[in-house]
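Engineer: Here is a sequence with its predicted model. Questions after.
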Amino acid sequence: MRLLDRHVSLFSGSLRTLMQRESDRRRWADSPYAWLFQPYMGEEVVALACQVSPGRLPMVSLAAVVLSPHRVHTSQAWVATFADAQRACPATLRRHHRLYATESVLTPDADNLGSLAEFIGNRPLIGWQLDHAVECLNGLFKTGLGFGLPNAQVDVAKLHHRQLRRLHPHCDAASQITEALARWQVPGIQWLGVLGDATASALLYLRLQREMAREA
């Protein structure tokens, strides 16, 4: 996994999280989802971006984009809003469509969550402030499927902060992805909404990879 080799230390997850993943792996060993808990041996990762409207019936808009060592495959993207369309607030649903550029509305049931799990597979996850996206999704996954995302995870924000401080120890690290993109001279993103967010984090990740490779 050349994409990840240079920053294994940035894998997120406490000891408790790792123990939970191992427990889930054993529990689901004989299920159709067993392969999700196996180590990934390829070179692709999946960039995630997520926006949530909390409440009694939370609404989650999500984009997942596949990237390989030298390319972001925007044609291979999973974009949708998870919501109970019959019970959700129509105004909130319209807001998600408008702000996050999602068209599909999916009920967060086992079938739809299983389709997302199949798309992500056991590939590592990346994203800007990834903990937020994973927390949103884990709530849905645990309710619908009985387990949280077991994938290895790298937070692009932490990777950016570490690399920036290595080059400029006294420089304040950007807290917004737009500032980080400008700092590393990543071209502007033509996509809007959660797909644009996921694509931006993927492009920034690849840019940081090139910077780290040049220093090696």
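Structural biologist: Everything's here; your move. Just so it is clear, the model here is predicted, and its values are computed rather than measured. Numbering: from 1, shown residues only.
Engineer: Now Leu48, what are its backbone angles?
Structural biologist: Backbone torsions of Leu48, given as degrees, to the nearest 10, read phi -110, psi 140.
Engineer: Just the strands from this structure, written as ranges.
Structural biologist: Using DSSP state E, the strands of the chain run over 45-53, 59-68, 71-82, 105-106, 125-127, 153-155.
Engineer: Now do the longest one against strand 59-68, angle only.
Structural biologist: What it means is strand 71-82. In terms of direction (axes from the mean of the first three to the mean of the last three C-alpha atoms, to 10 degrees), strand 71-82 departs from strand 59-68 by 160 degrees.
Engineer: Neighbours of the nearest residue to Gly148 once chain neighbours are set aside, how many?
Structural biologist: Nearest residue to Gly148, sequence neighbours excluded (C-beta to C-beta, 6 or more residues apart in numbering): Asn138, at 3.9 Å. Placement of C-beta: from N, CA and C, glycine included. Asn138 has 13 neighbours, counted by other C-beta atoms under 10 Å.
Engineer: Thought Gly146 was touching Asn138, still the case?
Structural biologist: No. Counting by C-beta atoms under 8 Å, Asn138 stays clear of Gly146, with 11.5 Å between them.
Engineer: longest helix anywhere in this structure?
Structural biologist: With secondary structure taken from DSSP state H, the chain has its longest helix at helix 193-215.
Engineer: Please name every helix or strand in contact with that one.
Structural biologist: strand 45-53, strand 59-68, strand 71-82, helix 90-100, strand 125-127, helix 156-167, helix 177-183 (3 or more C-beta pairs under 8 Å, 6 or more residues apart in numbering; DSSP states H and E).
Engineer: what's the most buried one of those?
Structural biologist: strand 125-127 (a mean of 26; mean count of other C-beta atoms under 10 Å).
Engineer: Tell me which residues touch the residue nearest the centre of the chain, please.
Structural biologist: In the chain, the residue lying closest to the centroid (C-alpha atoms, centre = their mean) is Leu48, at 2.3 Å. By C-beta atoms under 8 Å, 6 or more residues apart in numbering, Leu48 lies in contact with 62-64, 125-127, 130, 133-134, 137, 198, 201.
Engineer: what's the closest of the residues you listed to Asp30?
Structural biologist: Closest approach to Asp30 among those (C-beta to C-beta): Leu137, at 24.0 Å.
Engineer: Isn't the closest one up against Gln51?
Structural biologist: No. The pair Leu137 / Gln51 is not scored as a contact, 11.8 Å apart, by C-beta under 8 Å.
Engineer: Please enumerate the shared neighbours of these two.
Structural biologist: 60, 62.
Engineer: so how far is Leu164 from the residue in the chain sticking out farthest from the centre?
Structural biologist: Using C-alpha atoms, centre = their mean, the residue of the chain lying farthest from its centre is His170. It sits 29.5 Å away. His170 sits at a distance of 11 Å from Leu164 (criterion: C-beta to C-beta, to the nearest Å).
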